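[1] here are the coordinates; sequence isn't available:
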């Protein structure tokens, strides 16, 4: 949606700022509708076979985007974005969880990286493609998303084998039980803080590098394209590093590198070489971290992997939704050049939560089944590694 806010605002008679709330309501809708924050939705689908759940979620997502393309008013368009968020909130965590069940434990990092690769490719190609198609009519972009969602639905229907539902449908109390685990809350807090830091700069990147681009759209597009390509590479790299060196090292190193990049941006953003260097380094570190974050949560309690990955997605989108407000406040407080320093501090706090949470004791319920505890054999999955 980011590249077509101007045409939407002009067509529907609202300000660009109001059109920007379409992004916010999607992010908030995703965060609040994903389990465990939406227990009724989770409980309704808990015993569905995973293949059926994935197909239904994609159908909801594609239908919602078709309704967006047909929306006659701003209010209707807002409502369709919430519906699209519901489909995404069901789909993405389930896809991540399914990916980890289809491979051996030592390849789970790569499996997650493959699923997250769809998000990074969207960053690299979706924004410029959607912007180009929607330059004359923003509704064409929404029809494109509908078509892609329908194609994905057909692909899954043809290629994904049947996957069983969980053996038992946990109740609301069981679903919320992981939230009493200090390590789970710490890991979710790391996700929220890191994406808050990342989005604080990314949403206002044009402002941060305006001295380098001189306000020229072609230069900004080049930086965004390089950033998108680096995002794809970062996701691929993160999956392999998680499997090789462990989750904790990836989180600590990636968060620290991102913090240093944010801190350097006030100077790097003064020239095109500096801006391009930033566009390479930050997504490499950031998307490597984005692979490690759900892996860390899932490894804390493999029996609750899907629930914990859903929690990670909720934290991610809450951070994304808050990034716009925090970035705006930082620009107002520190100015267009220095506001990335706020993101640097947030990234360091995210690294600190990773470090502090590494040795936090895990709360184990007395009645917990052995299969629901972390498996000592999953050495590569343990956050201590």
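    Looks like it arrived, so ask away. Predicted, not measured: the structure shown is a model, and the values here were computed from it. Numbering: from 1, shown residues only.
[2] in stretch 280-299, what counts as buried?
    Of the residues in stretch 280-299, 280-299 count as buried by neighbour count, 16 or more other C-beta atoms under 10 Å. All C-beta spots, glycine's among them, are computed from the backbone N, C-alpha and C.
[3] for stretch 323-342, same thing?
    Buried-residue list, stretch 323-342, by 16+ other C-beta under 10 Å: 323, 324, 326, 327, 330, 331, 336, 337, 339, 340, 341, 342.
[4] now do it: everything it contacts.
    Applying C-beta atoms under 8 Å, 6 or more residues apart in numbering, the contact partners of stretch 323-342 are 20, 23-24, 195-196, 198-204, 207-208, 210-211, 262-263, 265-266, 269, 343, 346.
[5] narrow these to those in helices?
    Members of those lying in helices (criterion: DSSP state H): 20, 23-24, 195-196, 198-202, 207-208, 210-211, 262-263, 265-266, 343, 346.
[6] what secondary structure does residue 48 sit in?
    coil (DSSP: H, G, I helix; E, B strand; the rest coil).
[7] that one: neighbouring residues, count only.
    Residue 48 is flanked by 17 other residues according to other C-beta atoms under 10 Å.
[8] next one: the one 10 residues further on
    Other residues near residue 58 come to 24 when the count uses other C-beta under 10 Å.
[9] who are the packing partners of the one helix or strand residue 63 maps to?
    Residue 63 is located in helix 50-70, with elements delineated by DSSP states H and E. Judged by 3 or more C-beta pairs under 8 Å, 6 or more residues apart in numbering; DSSP states H and E, the packing partners of helix 50-70 are helix 74-101, helix 138-159.
[10] can you point out the buried residues in the last one?
    Of all the residues in helix 138-159, those buried under the rule 16+ other C-beta under 10 Å are 138-146, 149-150, 152-153, 156.
[11] can you state the direction angle for that helix and helix 50-70?
    Angle, helix 138-159 to helix 50-70, by axes from the mean of the first three to the mean of the last three C-alpha atoms, to 10 degrees: 160 degrees.
[12] residue 99: what's it in contact with?
    Residue 99 touches 108, 111, 112, 114, 115, counting by C-beta under 8 Å, 6+ apart.
[13] output the below-cut-off pLDDT ranges for the stretch 151-300 of the chain.
    Within the stretch 151-300 of the chain, the ranges that satisfy pLDDT under 70 run 163-179, 217.
[14] where do the helices sit along it?
    Using DSSP state H, counting those that start in this stretch, the helices of the stretch 151-300 of the chain run over residues 172-176, 182-202, 205-208, 210-213, 217-245, 247-268, 272-300.
[15] remind me what the third one packs against, helices and strands.
    Think helix 205-208. Contacts defined by 3+ C-beta pairs under 8 Å, 6+ apart place helix 205-208 against helix 217-245, helix 305-338.
[16] now for those, which one comes closest to residue 64?
    Ranking those by proximity to residue 64 (C-beta to C-beta) places helix 305-338 first, at 16.0 Å.
[17] give the rounded mean pLDDT of that closest one.
    Averaged over helix 305-338, pLDDT sits at 82.
[18] by how many degrees do that helix and helix 272-300 diverge?
    Relative orientation of helix 305-338 and helix 272-300, computed by the same axes, to 10 degrees: 160 degrees.
[19] show me how far helix 305-338 is from its chain's centre.
    Distance of helix 305-338 from its chain centroid, counting by C-alpha atoms, centre = their mean, to the nearest Å, is 10 Å.
[20] now the two most distant members of the buried residues of helix 138-159.
    Checking the buried residues of helix 138-159 with C-beta to C-beta, the most distant pair is 138 and 156, at 27.7 Å.
[21] pLDDT on stretch 53-72, on average?
    94.
[22] identify each buried residue in that stretch, please.
    Applying a neighbour-count criterion of 16+ other C-beta under 10 Å, one finds 53-69, 71 buried in stretch 53-72.
[23] and if you look at stretch 215-228?
    Buried residues in stretch 215-228 (16+ other C-beta under 10 Å): 219, 220, 221, 222, 223, 224, 226, 227, 228.
[24] the fourth one and residue 200: what is the separation?
    To residue 200, residue 222 is 22 Å away according to C-beta to C-beta, to the nearest Å.
[25] now swap in the third one and tell me
    Residue 221 sits 22 Å away from residue 200 when distances are taken as C-beta to C-beta.
[26] quick one: the residue nearest in space to the middle of the chain from residue 188, how far?
    Centroid check for the chain by C-alpha atoms, centre = their mean gives residue 316 as the closest residue, at 5.1 Å. Using C-beta to C-beta, residue 316 is found at 9 Å from residue 188.
[27] can you check residue 214 too?
    Counting by C-beta to C-beta, the gap from residue 214 to residue 188 is 41 Å.
[28] out of those two, which sits in the busier spot?
    More crowded of residue 214 and residue 188, by other C-beta under 10 Å: residue 188, with 24 against 10.
[29] contact partners for the residue lying closest to the more buried one once chain neighbours are set aside?
    Using C-beta to C-beta, 6 or more residues apart in numbering and skipping the chain neighbours, the partner closest in space to residue 188 is residue 315 (4.5 Å). Residue 315 is in contact with 31, 188, 189, 191, 192, 195, counting by C-beta under 8 Å, 6+ apart.
[30] try 10 Å
    By C-beta atoms under 10 Å, 6 or more residues apart in numbering, residue 315 lies in contact with 31, 34, 37, 185, 187-196, 293-294, 297.
[31] again, but for residue 191
    Going by C-beta under 10 Å, 6+ apart, the list of residues near residue 191 reads 251, 289-290, 292-294, 296-297, 311-319, 350, 353.
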